[in-house]
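1. Any chance you could fold what I've pasted below:
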Amino acid sequence: MLSDAVRIELAAELAKAEADRIAVAPLVARHPDIDVVDAYEIQLINIRRRLDAGARVVGHKVGLSSAAMQHMMGVDEPDYGHLLAEMEVFEDVPVPAGNYLYPRVEVEVGFVLGADLPGEDCTEADVLAATDAYAPAIELIDSRITDWKIGLCDTISDNASSAGFVLGPQRVAPADIDVKAIDAVLARNGEVVAEGRSDAVLGDPVIAVAWLARKVASFGVRLKKGDIVLPGSCTRAIDARPGDAFRADFAGLGSVRLNFS
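-> Okay, here's the model as predicted:
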C-alpha cells in the first residue's frame, strides 16, 4: 500500500508522460508494494484532475477481459478505465499518430446504454434490459509506460491503457443479434491483420459489462443512460503507425474505420 503522497506523485508522472509523450519506467518495478487499490486511486486522481479542467465522462472500458490476458497478468478478473468525451475520435478525421507514445487498436462490440444500470447487484439480465444498442467500435489504446512493459497495477494506474475510441454509425438492438457470436475482422491498409469473435470477451461481453457495473459501484460510480461501454477486445491488439488505415467489420453489426496521419 502506498501513501497518499506517493499516489499523487505517480499520478502526476503519468499525466506528464501523456502530455509530453515521454514514457516513464514501470511503476511496479519502482514501487513493488503498490496494490490494486493504489492503482485505481492513482487512476482516479488523474480522472478528477481532468474533470476539474472541464472534461466529461461518457463511459467506461473493460480491460483484461480475455482468459489469455488474465493469465499473462496473473489475475482472475478484468480491470477498467474511464472514457472521456475528449477521447472520442472520428471515422472521417485522421488521428495524428504522433499524439501517442505506442498506439494500438482493438476491435470491440460497443454497448450504448439506454437506461441506468444497478450497482452492486447488477446482473447480465439487467445489462441486456438497459442496453439500447450495440455498435461497432475500435478502441485506441496506448501506454505511458516504457515499451508497454506493464504489470497489472501499471495499466490500472494508466486508465487501463486507454487513449481513444471511435464508434461506427450502425446500431443493432440486443434482441436482433446474438452478442456472443459476432465474428470480427480487422484490416490494416486493406490487409487482414486480426480476426476474432465477440465471445473472446469472458465468453459473453454482457458478463463484462455486468462485472463493470458491480466493480465501479464500489468506488461510488454508476453506469448511466447514454454511457458507452467497451467490454473488451474480440482480437489481439495491433500496432498503429503513421499513415495506417484500419477497418473493422462485424458480422451483422456493420463496420468502423480509424485512420492515422
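2. from here on, contacts and neighbour counts on C-alpha atoms
-> OK.
3. I'd guess residue 169 is in a helix, am I close?
-> No: going by DSSP: H, G, I helix; E, B strand; the rest coil, the assignment for residue 169 is coil, not a helix.
4. Which residue ranges of the stretch 151-261 of the chain form strands?
-> Counting by DSSP state E, counting those that start in this stretch, the stretch 151-261 of the chain has these strands, from start to end: 162-167, 183-188, 191-197, 228-230, 238-239, 245-250, 254-259.
5. So which elements touch the last one?
-> Counting by 3 or more Cα pairs under 8 Å, 6 or more residues apart in numbering; DSSP states H and E, the packing neighbours recorded for strand 254-259 are strand 131-141, strand 162-167, strand 245-250.
6. Correct me if wrong: residue 224 contacts residue 116.
-> Yes: using Cα atoms under 8 Å, residue 224 is in contact with residue 116, at 4.0 Å.
7. Would you reformat the helices and strands packed on strand 254-259 as CSV and include distance to residue 45, mean pLDDT and mean neighbour count?
-> Below are those laid out as CSV (distance: least, Cα to Cα, whole Å; pLDDT from 0 to 100; neighbours: other Cα atoms under 10 Å):
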stretch, distance to residue 45, mean pLDDT, mean neighbour count
strand 131-141, 20, 97, 25
strand 162-167, 15, 97, 24
strand 245-250, 33, 98, 22
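8. got those as JSON lines, with distance to residue 1 columns?
-> Output for those, formatted as JSON lines (distance: least, Cα to Cα, whole Å):
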{"stretch": "strand 131-141", "distance to residue 1": "27"}
{"stretch": "strand 162-167", "distance to residue 1": "24"}
{"stretch": "strand 245-250", "distance to residue 1": "41"}
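9. can you tell me which of these comes nearest to residue 33?
-> Closest to residue 33 of the helices and strands packed on strand 254-259, according to Cα to Cα: strand 162-167, at 23.9 Å.
10. With just CA atoms, put that closest one into CSV.
-> Provided in CSV are the C-alpha atoms of strand 162-167 (Å, rounded to 0.1, in the frame of the first residue of the first chain):
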residue,chain,number,x,y,z
SER,A,162,-7.0,3.8,-22.7
ALA,A,163,-6.4,6.7,-25.1
GLY,A,164,-9.4,7.0,-27.5
PHE,A,165,-12.4,5.3,-29.2
VAL,A,166,-14.5,5.5,-32.3
LEU,A,167,-17.9,4.1,-33.0
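11. could you give the angle of that strand to strand 254-259?
-> Going by axes from the mean of the first three to the mean of the last three Cα atoms, to 10 degrees, strand 162-167 is angled at 130 degrees with respect to strand 254-259.
12. any idea how far strand 162-167 is from the chain center?
-> Counting by Cα atoms, centre = their mean, to the nearest Å, strand 162-167 is centred 7 Å from the centre of its parent chain.
13. what do you get for stretch 109-118?
-> 15 Å.
14. What of stretch 102-118?
-> Offset of stretch 102-118 from its chain centre (Cα atoms, centre = their mean): 7 Å.
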